[in-house]
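K.L.:
No sequence on hand, only this structure:
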């Protein structure tokens, strides 16, 4: 531990020496270091959030943004630091990459599911009326997204709830494949993009080269790039002020009937389907009746709240806010990703939704014992509620019997799904032996033609 601390101190000294050397000047500036232990008292963790408190945040004081990047460019670490700076979580409490909650994410060290967290942040702004400064509180909804191409559908759905994005680029690796792909996803969604050059504390970091790449590939002004190190805390104090100053507030009408976009869903054994939604118009309260534009079914809102970063009941969500809703859905067929949920008995225009996914790899999954087909079907249904990009269809094989033909976006997507399927079966305690007997090795691969 002492050796690691000495290495970190030596690296910081080397970076400071480089910045202050008499060599030809480089456009490297080391912003102030700010971690949660140095955060102001108003950014300490709060015990809970009430509905009346959420009502103090009109759309003009709400910012929804996501973090997009290539694999291993520091998205999740940056998200951790922002959560600490705003007092959403305490430094040193919980696990690193706090928003990576799936077991498969921990084992593989990658982000598979996009995760949302609501933060409260106070930012000093100049006021012309009083010729001084005001220190209002803002509501920030952060969405951490995957970086691998196989999970690009998660990114596209996350961007639908945002008005801006932090484009994180490794200062040593530079712009890579998914950096370009995610940039154009955000660009096509007409989002404000803030470039963040991360890992500037590394010895091989070359921010000037990365700025030149951003200018050449995306026509981004080099002066707009933020220099940060999520690991050491360098430059983090300028990230959230840039979000407030450069990203627009969410549009929407507070006086219209409630209308929301269904972003994601997952299955809870006790609560049923938990839906993540973005409120576009109006307000949704506990006890309201809402309907689905896709299925026409009507539900009662049993619980509603925000992710702070865990599920925090508030009893109400207002225009521009992102949160969760529990309506008693029990089937994945009811929670259609991209669906428009609206106030019951009201006529609203459905939201655009999402583009259909294009599956590239297909595999067959069969139980070793035909009598376990229903149990396997039950596990797959719960898992597909968490992953809307998987297609599932029943099929029959002469040699293997009844099974499922599943479509995926890539080989990694398929491998992660099979691993999660085994974990779901174990957690449900339906078939303790099916993990070793599940015929995941007997898969039929079909590559879609491009």
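P.N.:
Great, that's in hand. Quick caveat: nothing in here was measured; it's all calculated off a predicted structure.

K.L.:
show me the contacts for residue 222.
P.N.:
Listed by C-beta atoms under 8 Å, 6 or more residues apart in numbering, the contact partners of residue 222 are 27, 211, 212, 214, 215. Using the backbone N, CA and C atoms, a C-beta is placed for each residue, glycine as well.

K.L.:
Go through those and give me the one with the most neighbours.
P.N.:
Highest neighbour count within those: residue 214, with 24 neighbours (other C-beta atoms under 10 Å).

K.L.:
Find the nearest non-adjacent residue to that one, please.
P.N.:
Spatial nearest neighbour of residue 214, excluding adjacent residues (C-beta to C-beta, 6 or more residues apart in numbering): residue 220 at 4.3 Å.

K.L.:
State the distance from the one you found to residue 122.
P.N.:
29 Å (C-beta to C-beta, to the nearest Å).

K.L.:
Counting neighbours, go ahead and name the busier of the two.
P.N.:
Neighbours around residue 220 and residue 122, counted as other C-beta under 10 Å, are more numerous at residue 220. The numbers are 18 against 15.

K.L.:
Tell me where the stretch 51-200 of the chain has strands.
P.N.:
62-69, 115-122, 125-127, 132-134, 137-144, 164-170, 192-198 (DSSP state E, counting those that start in this stretch).

K.L.:
residue ranges of the strands in the stretch 201-350 of the chain, please?
P.N.:
Under DSSP E, counting those that start in this stretch, the stretch 201-350 of the chain gives strands at 226-227, 259-268, 272-281, 284-285, 289-292, 298-300, 303-307, 311-313, 316-317, 322-326, 340-343.

K.L.:
closest one to residue 365 among the ones you listed?
P.N.:
strand 259-268 (18.4 Å; C-beta to C-beta).

K.L.:
What strands flank the closest one, and is each parallel or antiparallel?
P.N.:
According to DSSP bridges, strand 259-268 forms sheet pairs with strand 272-281 (antiparallel), strand 340-343 (antiparallel).

K.L.:
can you redo those as TSV with distance to residue 378?
P.N.:
Below are these laid out as TSV (distance: least, C-beta to C-beta, whole Å):
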stretch	distance to residue 378
strand 272-281	14
strand 340-343	26
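
K.L.:
Rebuild the ones you listed as JSON lines, extending it with distance to residue 328, mean pLDDT and mean neighbour count.
P.N.:
Compiled in JSON lines, those are given as follows (distance: least, C-beta to C-beta, whole Å; pLDDT from 0 to 100; neighbours: other C-beta atoms under 10 Å):
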{"stretch": "strand 272-281", "distance to residue 328": "6", "mean pLDDT": "91", "mean neighbour count": "22"}
{"stretch": "strand 340-343", "distance to residue 328": "13", "mean pLDDT": "91", "mean neighbour count": "23"}
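
K.L.:
From residue 241, how far off is the spatially closest residue to residue 244 that is not a sequence neighbour?
P.N.:
Ranked by C-beta to C-beta, 6+ apart and with sequence neighbours excluded, the top spatial neighbour of residue 244 is residue 123, at 5.4 Å. Counting by C-beta to C-beta, the gap from residue 123 to residue 241 is 6 Å.

K.L.:
Could you do residue 384 as well?
P.N.:
Taking C-beta to C-beta, one finds residue 384 at 40 Å from residue 241.

K.L.:
what does residue 160 give?
P.N.:
25 Å.

K.L.:
Neighbour count for those two, which is higher?
P.N.:
residue 160 (17 against 14).

K.L.:
Report the contact partners of the more buried one.
P.N.:
189, 261, 263, 278, 354.

K.L.:
phi, psi of the residue nearest to residue 244?
P.N.:
Note on residue 123: its backbone torsions stand at phi -130, psi 130 [degrees, to the nearest 10].

K.L.:
what's the burial count for it?
P.N.:
For residue 123, using other C-beta under 10 Å, the count is 16.

K.L.:
and it, what does it touch?
P.N.:
135, 136, 138, 240, 241, 244.

K.L.:
try residue 403
P.N.:
So residue 403 contacts 364, 365, 366, 367, 373, 394, 395, 396, 397, 439 (C-beta under 8 Å, 6+ apart).

K.L.:
Next one: it from residue 368, what distance?
P.N.:
For residue 403, the distance to residue 368 - C-beta to C-beta - is 11 Å.

K.L.:
go on, residue 86?
P.N.:
49 Å.

K.L.:
Looking at the two, which one has more neighbours?
P.N.:
residue 86 (24 against 16).

K.L.:
Give the closest residue to that one in space, chain neighbours not counted.
P.N.:
Using C-beta to C-beta, 6+ apart, the closest residue to residue 86 is residue 119 (4.0 Å).

K.L.:
Residues in a beta bridge with the one you found, which ones?
P.N.:
Under the criterion used (DSSP bridges), residue 119 bridges to residue 140.

K.L.:
does it really touch residue 84, like I thought?
P.N.:
No - taking contacts as C-beta atoms under 8 Å, residue 119 lies outside contact range of residue 84: 10.1 Å.

K.L.:
so how many other residues sit close to residue 103?
P.N.:
Residue 103: 12 neighbours (other C-beta under 10 Å).

K.L.:
Could you verify my assumption that it touches residue 423?
P.N.:
Yes - counting by C-beta under 8 Å, residue 423 is a contact partner of residue 103 at 5.7 Å.

K.L.:
okay if I get the strands of the stretch 51-200 of the chain as CSV plus mean pLDDT and distance to residue 90?
P.N.:
Output for those, formatted as CSV (pLDDT from 0 to 100; distance: least, C-beta to C-beta, whole Å):
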stretch, mean pLDDT, distance to residue 90
strand 62-69, 93, 21
strand 115-122, 90, 14
strand 125-127, 57, 27
strand 132-134, 55, 28
strand 137-144, 91, 17
strand 164-170, 95, 23
strand 192-198, 96, 23
